[in-house]
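Colleague: got a sequence here, can you build the structure:
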Amino acid sequence: MIENLKKQLECENVKYEDLTFKLYGIFSGDVYERLWIDLPDVWDFNYASLLEGKMAEELETVAPYLVELSSESKHLDAILESYGQNGCVFFCTPLEFEEALERVREIFIVQDENGAEGYLRFYSPDIFRTLIDKHNLEHLQLMFKQIMYYYCEAENDPMMLNRYRYDGKSIQIEELSLDMKSD
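Modeller: Predicted structure coming up:
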């Protein structure tokens with residue numbers, strides 16, 4: 001399944017007009033138990049917590065992490081092993097790492113009607129699918145600003161991956177099979 005997952009997520013170094021796209025994942029530290037240890041100590045990915053400052057330190061074991069994925073990394077299979085456990089969303093964008101981090105933090109940090117800050121777990125597939133299903137135009141524009149595709153595990157089938165694209169008018173959802181038999 002990991003080989004098919006990698007194949008379906010291929011957008012790295014894809015050219016569109018004059019843009020080159022990169023693949024990123026937002027991984028939940030509470031689902032990927034060793035993520036906060038493996039990212040700095042074992043794996044060779046560019047990464048950062050979506051939390052900042054003291055919160056990032058205090059919640060490092062459960063924090064969400066933006067990870068720049070590379071097919072050239074010898075650790076790509078290891079980080080993809082927990083796919084299907086409601087712990088990550090992938091996206092494809094031409095943004096460099098720091099710009100991508102800024103973009104996902106724009107979505108992650110929300111304010112209530114009184115201006116109090118909170119966090120939106122949009123990187124959890126169940127919440128991501130709900131946001132897409134109950135979307136409003138302003139929210140879609142924010143989520144897809146400079147992001148070509150999101151990839152999210154399908155709700156009831158671990159062998160399916162949904163690819164989401166917003167064209168400014170509507171959401172297109174394409175089901176991608178991870179079943180080795182379908183190739």
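Colleague: neighbours of Asn4, just the number please.
Modeller: 17 (other CB atoms under 10 Å). Where C-beta positions appear, they are placed from N, C-alpha and C, glycine not excepted.
Colleague: contacts only, for the residue of the chain positioned farthest from its centre.
Modeller: When each C-alpha in the chain is compared with the mean C-alpha position (CA atoms, centre = their mean), Asn114 comes out farthest, at 28.8 Å. Asn114 makes no contacts at all, as judged by CB atoms under 8 Å, 6 or more residues apart in numbering.
Colleague: pretty sure it sits in a helix.
Modeller: No - checked against DSSP: H, G, I helix; E, B strand; the rest coil, Asn114 lies outside a helix; its state is coil.
Colleague: let me know the pLDDT of it.
Modeller: Looking at Asn114, its pLDDT reads 92.
Colleague: where does the protein have low pLDDT?
Modeller: Applying pLDDT under 70 to the chain flags residues 12-16, 180-183.
Colleague: for the longest helix along it, packing partners?
Modeller: For the chain, the helix reaching the highest residue count under DSSP state H is reported as helix 97-108. Secondary-structure packing of helix 97-108 (3 or more CB pairs under 8 Å, 6 or more residues apart in numbering; DSSP states H and E): strand 22-28, strand 46-49, strand 64-69, helix 137-144.
Colleague: in space, what's closest to Arg105 - neighbours in sequence excluded?
Modeller: Leu50 (5.9 Å; CB to CB, 6 or more residues apart in numbering).
Colleague: ramachandran coordinates for the one you found?
Modeller: Torsion angles at Leu50 (phi, psi; degrees, to the nearest 10) stand at phi -70, psi -20.
Colleague: I'd say it and Ala63 touch.
Modeller: Yes - the pair Leu50 / Ala63 is scored as a contact, 6.7 Å apart, by CB atoms under 8 Å.
Colleague: coming back round to it: and the next helix or strand after the longest helix of the chain, which strands flank it?
Modeller: Note on helix 97-108: by DSSP states H and E, the next helix or strand toward the C-terminus is strand 109-111. The sheet places strand 109-111 alongside strand 117-119 (antiparallel), with pairing taken from DSSP bridges.
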